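*Asks:* from the sequence below, what's the structure:
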Amino acid sequence: MKVADQTVTLRFGTELARGTHRIALSFAGQNQRGREGLHFANYSEKGTGAEKTMLGTQMEPTDARRLFPCWDEPVFRAKFRLTVTVPASFMAVSNTPVESEKVVGGKKEVRFAETPLMASYLVVLCAGELDAIYGETEGVRIGVITTKGKAEQGRYALESAEKS
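*Replies:* Predicted coordinates for the structure are as follows:
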């Protein structure tokens, strides 16, 4: 891997035949304290002022590769299917609806539905002690997600989105 170029070259012992192939890679990323890739965000809890931490993503312009291996360019699009393990008290939110949640050893595993084809920098993951309010318009569920205790502050935004 060329760290300076942020690229990796895969070499195979033989020439690959034309057709569809699947590559499986192990990858370890690191949560950031800055605002790139998957990062920590600190905030004060409403009411108690307690210091809390949540996770969020900021993938633009080329920070998706900090979270997972990808062709991190807008012209290259892929489908994404995220599964995350978070503390049981956390809510996890992504681009698509939750397909399943299960508690495993005091943690919660959340699996999201597959996304449509999209650029890697559009992948979103947020997780923390969150609240939500939901509405619907023309069969489409709309939501406003906030830190715990602040959901009602998003009521105007939700109602405006429903009317739009």
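
*Asks:* quick check: the residue nearest in space to the middle of the chain vs residue 17, distance?
*Replies:* The centre of the chain sits closest to residue 125, judged by Cα atoms, centre = their mean, with a distance of 1.9 Å. In this structure, residue 125 and residue 17 are 36 Å apart, going by Cβ to Cβ, to the nearest Å. Heads up, the C-betas are built off the backbone N, CA and C, glycines and all.

*Asks:* ranges for the strands of the protein?
*Replies:* Using DSSP state E, the strands of the chain run over 37-44, 51-58, 77-78, 83-87, 91-94, 98-104, 107-112, 118-119, 125-128, 130-137, 140-147.

*Asks:* what domains does the record give for the protein?
*Replies:* 28-128, 130-164 (automatic domain parsing).

*Asks:* quick check: mean pLDDT across the shortest one?
*Replies:* This means domain 130-164. In this model, domain 130-164 has a mean pLDDT of 94.

*Asks:* related to what we said a few turns ago, which one, of the strands of the chain, ends up nearest to residue 69?
*Replies:* Within those, the stretch nearest residue 69 is strand 77-78; the backing value is 11.1 Å (Cβ to Cβ).

*Asks:* contacts for stretch 48-68, please.
*Replies:* With contact meaning Cβ atoms under 8 Å, 6 or more residues apart in numbering, stretch 48-68 is reached by 6, 27, 29-32, 35-45, 70, 72-73, 86, 90, 120-130, 147-148.

*Asks:* buried set for it?
*Replies:* Along stretch 48-68, these residues count as buried under the neighbour rule (16 or more other Cβ atoms under 10 Å): 52, 54-55, 57-59, 62-68.

*Asks:* hmm, which two among the residues you listed are most spread apart?
*Replies:* Spanning the widest gap among those are 52 and 62, at 29.2 Å by Cβ to Cβ.

*Asks:* helices or strands up against the helix or strand bottoming out on mean pLDDT in the chain?
*Replies:* Least confident helix or strand of the chain, by mean pLDDT, DSSP states H and E, is strand 37-44 with a mean of 88. Packing contacts for strand 37-44, counted by 3 or more Cβ pairs under 8 Å, 6 or more residues apart in numbering; DSSP states H and E, involve strand 51-58.

*Asks:* chain center to the strand it packs on: distance?
*Replies:* Put simply, strand 51-58 sits 11 Å off its chain's centre (Cα atoms, centre = their mean, to the nearest Å).

*Asks:* next, the angle from it to strand 37-44.
*Replies:* Here strand 51-58 runs at 150 degrees with respect to strand 37-44, directions being taken by axes from the mean of the first three to the mean of the last three Cα atoms, to 10 degrees.
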